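# With the input below, show me the fold.
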Amino acid sequence: MNNSMKRTRSEFVGERRWKRRYPIQLAIGYKLLSNRLSRHGIGTTIDFSSTGIAFATQDILPVGRQIEMSVDWPAKIDGQCALRLVAFGCVVRSGNGRVAVRIYGHEFKTRGSVEGVPQSARLSNVPRNSEI
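All right, here's what the predicted structure looks like:
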């Protein structure tokens, strides 16, 4: 990494994030991961980075809770195969209609159909964008 690419903490006065955020507004579904009650919800993404997602929702989510999020990704493989981003993380902030999640892992899955049932419905209980 050359010197022009290196950043120091002093360059981020007032900014806690080290990764660049990309403002993307897409429908998001989530479910809180718990051994007890299952809780699902929906919202709209505010921004993404490689380590976090911020989204707007009417729900207040408990800080520290593990969460799975699902977003129908706008890009397609070869312009034909639809993708879904599934990310796992931990709620780090919640309030005022916004939730911030630190991402621990993610994967892209295809959203094909088999016998009329979308693959995304089989991969997760989170609603598809068409249901949001």
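# May I have the strands that pair with the top strand by length along the chain, each with its orientation?
When the chain is parsed with DSSP state E, its longest strand is strand 81-95. Taking DSSP bridges as the criterion, strand 81-95 sits next to strand 66-77 (antiparallel), strand 98-110 (antiparallel) in its sheet.
# okay, these in a markdown table with mean neighbour count, distance to Leu85 and mean pLDDT next?
(Glycine included, C-beta is placed from N, CA and C.) Formatted as a markdown table, the strands paired with strand 81-95 follow (neighbours: other Cβ atoms under 10 Å; distance: least, Cβ to Cβ, whole Å; pLDDT from 0 to 100):
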| stretch | mean neighbour count | distance to Leu85 | mean pLDDT |
| --- | --- | --- | --- |
| strand 66-77 | 17 | 5 | 92 |
| strand 98-110 | 16 | 6 | 95 |
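# Adding distance to Ala56, write these out as a markdown table.
Formatted as a markdown table, the entries for the strands paired with strand 81-95 read as follows, by distance: least, Cβ to Cβ, whole Å:
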| stretch | distance to Ala56 |
| --- | --- |
| strand 66-77 | 13 |
| strand 98-110 | 6 |
